[in-house]
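Peer 1: when you get a sec, could you give me coordinates for this:
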Amino acid sequence: MPSTGVRIGLGSGRLEVCPPGTVAFAGVEMQKSWMLFALAFGCVPTEEEQKRREADPTPDPAPACEPLEVAVSDAARSVADANNAFATDMYATVAASQSPDKNLFFSPFSISSALGMTLAGAEGETAAQMQDVFHIDDDVAAHHAGYSDLREAVFAKGVHCDATLNMANRLFGQVGYPWFGDFLDVTAGDYGAPLEELDFEAGPEDARTYINDWVADQTEDRILDLLPPGSIVTATRLVLANAIYFKGNWEHAFDVTNTRDVDFLRPDGSTVQAPTMFETIDTRSAIIDGFLAVELDYQGGNQSMVLVMPEDPAATGVAASAFESDAIDAVEDSLTELGEVWVGLPRFSFEQETGLSDVLKDMGMVDAFEPSIANFDGMVGSPDSGLYIGGAFHKAFVAVDETGTEAAAATAVVMNDESASMTFDFVADRTFEFYIRDNLTGAILFMGRVTDPTAE
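Peer 2: Alright, predicted model coming up:
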């Protein structure tokens, strides 16, 4: 039977027994400093164990994650600001178009990515309307280059090593179609979107299934059937797709033993029993213009969720949204230094499908959807291309529990051819809004509202 030894950590009063296959060793001399004594006391492998290790070496444990230092260009920050402005505009448009008691969730980053690729082929008034909706100035080429910088900063290898954050862009084009080289250079170079040829004319349903499978693969099967039956037709010439997936654990996990049912106030004044997680967390918080805000970090510190709800316990939060123009900047500026916050957050999980065509039209992007008016000649490099957006589709999924958050989203644009230190309690027991941002660039990746955490 191998010998065992005891290591004494005098500072903590901790006793540790050497594991099987090792023996104790100690310094020969007792020094006056107990710290030196502790350092000279430990475990070494037995002769038999050393031989076993040499015969069957075990690889060293993986090094601790050390995120890369990534420089963020001014162009990237400008694109992030444009994305965030679009996010609040779209949030207001979608919220106004649906029932106030319905949850809301979407990915502005996914949508602006797919439509950014589409803009690369737009011209004239069609392009001008798209630029207005997505807060892009006249220098569209600079925007595309800035998106490339932003994409690299948000998704650079190593930056998000403590969380899974992946994104993919792809073009699915009609085989043999004469796409303009300059258009493909922008989508491939700035958006990282290669062109994959499919035969929409011969098999529109097969093509739809193929694209849906690609989306499912990119989102860990969280986004299924993005393109509904009938969305791809024989006149389809191009599908511009984006998929984004995030999974991160809380920096400060919620103790599951603290979770209990709490009355959650819905917009109509009724209540529902919602399993609610509780934890005291050292984090940043804010009180601003009648709203409470708290920041919850994910492990690694690269992403955070920011929760916002009315300060008035009787308020539902639907009539007065915190996500108005410039409001997010105000929330960000008001977040205090670290302080202790008693956080209560309901578990929730739901999926939302958003018909982007109507939403974007309501926001002012009209011409792109009109067959006789749309101008996407930049996609083929010749006048009268006949291309228009036949449909724009978006799905998003989010799940929040004691360990962390999983979120996914996908967007598809279908181009058809008409001729062919403040301490307070933050208990989310009423409607609240939230967004998940990249901390390095400030880009909002996902945004949502919870009016009923028990709804799916």
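Peer 1: what sits against residue 408?
Peer 2: 219, 220, 222, 223, 243, 244, 245, 246, 396, 397 (CB atoms under 8 Å, 6 or more residues apart in numbering). Placement of C-beta: from N, CA and C, glycine included.
Peer 1: tell me the pLDDT at the third one?
Peer 2: Okay, so that is residue 222. Confidence at residue 222, expressed as pLDDT, is 97.
Peer 1: tell me which residues of the longest helix anywhere in the chain are tucked away?
Peer 2: Using DSSP state H to define each element, the chain has its longest helix at helix 74-97. Of all the residues in helix 74-97, those buried under the rule 16 or more other CB atoms under 10 Å are 75-91, 93-95.
Peer 1: contacts for it?
Peer 2: Contacts for helix 74-97 (CB under 8 Å, 6+ apart): 104, 106, 108-109, 111-112, 133-136, 142-143, 145-147, 149-150, 152-153, 318, 321, 323-325, 327-328, 354, 358-359, 362-363, 435, 438, 441-444, 447, 449.
Peer 1: show me where this structure has helices.
Peer 2: Going by DSSP H, the chain shows helices at 34-39, 47-55, 74-97, 108-119, 124-133, 140-155, 181-189, 204-218, 327-334, 356-362.
Peer 1: of all those, which lies closest to residue 427?
Peer 2: helix 327-334 (18.4 Å; CB to CB).
Peer 1: separation between residue 305 and residue 284?
Peer 2: Distance, residue 305 to residue 284, using CB to CB, to the nearest Å: 12 Å.
Peer 1: overlap in contacts of these two?
Peer 2: Contacts common to residue 305 and residue 284, judged by CB under 8 Å, 6+ apart, are residue 295.
Peer 1: ok, back up a step: buried subset of the contacts of helix 74-97?
Peer 2: 104, 106, 108-109, 111-112, 133-136, 143, 145-147, 149-150, 152-153, 318, 321, 323, 327-328, 354, 359, 363, 435, 438, 441-444, 447, 449.
Peer 1: worst-scoring helix or strand of this protein, pLDDT-wise?
Peer 2: Sorting the helices and strands of the chain by mean pLDDT, DSSP states H and E puts helix 34-39 at the bottom, at a mean of 24.
Peer 1: about what we covered before: most widely separated two among the contacts of residue 408?
Peer 2: Pairwise distances across the contacts of residue 408 (CB to CB) peak at 13.7 Å, for the pair 220 and 396.
Peer 1: the two: which has the busier surroundings?
Peer 2: residue 396 (27 against 14; other CB atoms under 10 Å).
Peer 1: wait, the more buried one sits on residue 409?
Peer 2: Yes. Counting by CB atoms under 8 Å, residue 396 does reach residue 409; the two are 3.9 Å apart.
Peer 1: can you check which residues contact both of those two?
Peer 2: 106, 107, 110, 223, 446.
Peer 1: model confidence for the residue nearest to the second one when sequence neighbours are not counted, exactly?
Peer 2: Read that as residue 107. Spatial nearest neighbour of residue 107, excluding adjacent residues (CB to CB, 6 or more residues apart in numbering): residue 409 at 3.4 Å. Residue 409 carries a pLDDT score of 97 in this model.
Peer 1: residue 409 and residue 299: what is the separation?
Peer 2: For residue 409 relative to residue 299 (CB to CB), the value is 21 Å.
Peer 1: of these two, which one has the most company?
Peer 2: Comparing residue 409 with residue 299 by other CB under 10 Å, the one with more neighbours is residue 409, at 32 against 17.
Peer 1: next up, the contacts around that one.
Peer 2: By CB under 8 Å, 6+ apart, the neighbours of residue 409 are 106, 107, 110, 219, 223, 243, 244, 394, 395, 396, 397, 446.
Peer 1: which of those residues sits closest to residue 71?
Peer 2: Nearest to residue 71 among those, with distances taken as CB to CB, is residue 244, at 22.6 Å.
Peer 1: thought the closest one was touching residue 110?
Peer 2: Yes. Contact criterion CB under 8 Å: residue 244 and residue 110 qualify, at 4.9 Å.
Peer 1: just for the stretch 101-250 of the chain, where's the confidence low?
Peer 2: Low-confidence segments of the stretch 101-250 of the chain (pLDDT under 70): 157-160.
Peer 1: again, only using 90
Peer 2: By pLDDT under 90, the weakly predicted segments of the stretch 101-250 of the chain are 101, 138, 155-163.
Peer 1: for residue 295, which non-adjacent residue is spatially closest?
Peer 2: residue 284 (4.5 Å).
Peer 1: and the contacts of stretch 254-263?
Peer 2: With CB under 8 Å, 6+ apart, stretch 254-263 has contacts from 271-279, 343-347, 402-403, 427, 429.
Peer 1: next: stretch 118-131.
Peer 2: Contacts of stretch 118-131 (CB under 8 Å, 6+ apart): 115, 134, 136-138, 140, 144, 180, 183, 186-187, 190-191, 240, 364-368, 373-380, 387, 389, 413, 415.
Peer 1: which of these fall in strands?
Peer 2: 240, 387, 389, 413, 415 (DSSP state E).
Peer 1: circling back: quick one, which of the shared contacts of residue 396 and residue 409 are buried?
Peer 2: Among those, those classed as buried by 16+ other CB under 10 Å are 106, 107, 110, 223, 446.
Peer 1: need these in TSV (columns: distance to residue 456).
Peer 2: Output for these, formatted as TSV (distance: CB to CB, whole Å):
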residue	distance to residue 456
106	17
107	19
110	21
223	15
446	18
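Peer 1: just these now: which is nearest residue 266?
Peer 2: Closest to residue 266, out of all of these and judged by CB to CB, is residue 106, at 21.0 Å.
Peer 1: hmm, the closest one is touching residue 449, no?
Peer 2: No. Taking CB under 8 Å as the definition, residue 106 is not a contact partner of residue 449, at 10.2 Å.
Peer 1: so who does the residue lying closest to residue 175 once chain neighbours are set aside touch?
Peer 2: Using CB to CB, 6+ apart and skipping residues adjacent in sequence, the residue nearest residue 175 is residue 197, 4.2 Å away. Each residue near residue 197 by CB under 8 Å, 6+ apart is listed here: 172, 173, 174, 175, 176.
Peer 1: quickly note the distance from the first one to residue 89.
Peer 2: Shown here: residue 172 relative to residue 89, a distance of 28 Å by CB to CB.
Peer 1: bridging across strands, which residues link to the residue nearest to residue 107?
Peer 2: Note on residue 409: beta-bridge partners by DSSP bridges are residue 244, residue 396.
Peer 1: begin at 53 from here
Peer 2: Noted, 53 is the first residue going forward, which turns the last one into residue 461.
Peer 1: could you measure from it over to residue 275?
Peer 2: Residue 461 is 7 Å from residue 275, by CB to CB.
Peer 1: what distance do you get for residue 347 to residue 121?
Peer 2: According to CB to CB, residue 347 stands 22 Å off from residue 121.
Peer 1: got it, and residue 220?
Peer 2: Plainly put, residue 220 is 25 Å away from residue 121 if you go by CB to CB.
Peer 1: these two: who's more crowded?
Peer 2: Neighbours were counted for residue 220 and for residue 121 using other CB under 10 Å; residue 220 has more, 20 against 8.
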